[in-house]
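Student: missing the sequence, but the structure's below:
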Ligand SMILES: [Ca+2]
């Protein structure tokens, strides 16, 4: 793959914003969309089902049968590419392969989160006559 053909594949910031907005409008669960959820959206493109399943295979980079926001952007990009009358690639162009993302370390709290926790703690403390109830602790555990 030459760099020249790679350029045609680059998703612009504006496009990515649109794809991301579309992704979140489909009510992803835990940041992921199932095939069932995107099916209607994909079919609206009027692309034949066998090509849509090819697009799905190309864009589901980690083969978990779910699309995250990055994979969804690839899928939409391929759909738009095809709608411009171009043939789909047989494999995903290198520049579309998402960079491996560092895993979020959820145990590390930011200062802002700490502040939110503190406010919840204080509010609960006020509401429940000077001590934290079991229910409040349960709530804090889940946020
Ligand atoms: Ca996936």
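Tutor: Everything's here; your move. Model, not experiment: these values are computed from the prediction.

Student: wait, does stretch 51-62 contact the ion?
Tutor: Yes - under the criterion of C-beta under 5 Å from the ion, the ion is reached by stretch 51-62 at 60, 62. In short, each C-beta sits where N, CA and C put it, glycine included.

Student: show residues contacting that stretch.
Tutor: With contacts defined as C-beta atoms under 8 Å, 6 or more residues apart in numbering, stretch 51-62 is touched by 35, 42-43, 45, 47, 66-67, 70-72, 74-75, 78-79, 82, 88-89, 91-92, 97-98.

Student: ok, and of these, which contact the ion?
Tutor: With C-beta under 5 Å from the ion as the criterion, the contacts of stretch 51-62 include 66, 71 near the ion.

Student: just the buried ones from the contacts of stretch 51-62, in PyMOL syntax?
Tutor: Selecting only the buried entries of the contacts of stretch 51-62 in PyMOL, with 16 or more other C-beta atoms under 10 Å as the criterion:
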select buried, resi 42+47+66+67+70+71+72+74+75+78+79+82+92
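
Student: quick check, central residue of the protein?
Tutor: residue 69 (2.1 Å; C-alpha atoms, centre = their mean).

Student: and that one, what is it in contact with?
Tutor: 19, 20, 23, 24, 28, 31.

Student: what about the fourth one, distance to residue 72?
Tutor: Spelled out, it's residue 24. Here the criterion is C-beta to C-beta, to the nearest Å. By it, residue 24 lies 10 Å from residue 72.
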